[in-house]
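In: Structure for the following, please:
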Amino acid sequence: MAVKDIVMILSQISFGAIATFMAILFWSHTRDTAWMLIIIAVIIQYGEIMYSTFKMFGVLGDDLFIIKEVLDIGTVLSVLPLIFISAAFIVMMVRFKRE
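Out: Model prediction:
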């Protein structure tokens with residue numbers, strides 16, 4: 001494994017951990033739906049980082065499917081944060097439209 005790959009993995013894990021820790025801290029102080037969706041997206045994104053790291057090192061195999069041979073857990077973990085962020089933007093748009 002090249003040094004640049006190690007630096008990339010370590011930086012993703014480190015900054016992802018910091019972002020996830022801050023998101024969890026902020027979760028207890030907010031009741032805003034849009035922020036809650038963003039926080040959930042950050043936590044799922046860190047799960048995707050950890051999953052891809054474990055998969056790269058061979059801890060997890062490629063055979064973790066939600067729908068056999070169609071939808072694997074890696075795809076779901078990479079798409080879910082975008083879904084939650086989109087939902088947060090929709091919540092904000094609806095909120096601004098009411099005002």
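
In: Tell me the first helix or strand C-terminal of the worst-scoring helix or strand of the chain on mean pLDDT.
Out: Every helix and strand in the chain was compared by mean pLDDT, DSSP states H and E; the lowest is strand 65-67, with a mean of 70. Helices and strands here follow DSSP states H and E; after strand 65-67, the next one along the chain is strand 71-72.

In: partner strands of that next one, parallel or antiparallel?
Out: strand 65-67 (antiparallel) (DSSP bridges).

In: ok, how many other residues are close to L37?
Out: When neighbours are counted by other Cβ atoms under 10 Å, L37 registers 20. Every residue, glycine included, has its C-beta placed from N, CA and C.

In: ditto for F96
Out: Residues within reach of F96, counting by other Cβ under 10 Å, total 8.

In: What helix or strand is it located in?
Out: Assigned by DSSP H and E, F96 falls in helix 73-98.

In: what number of residues lie near I90?
Out: 12.

In: pLDDT below threshold where in the protein?
Out: 64, 66, 99 (pLDDT under 70).

In: The same query, at a cut-off of 80, please.
Out: For the chain, residues meeting the criterion pLDDT under 80 lie at 1, 61-70, 98-99.

In: centroid residue for it?
Out: Centroid check for the chain by Cα atoms, centre = their mean gives Q45 as the closest residue, at 1.3 Å.

In: So it, which state does it fall into?
Out: With DSSP: H, G, I helix; E, B strand; the rest coil as the basis, Q45 sits in helix.
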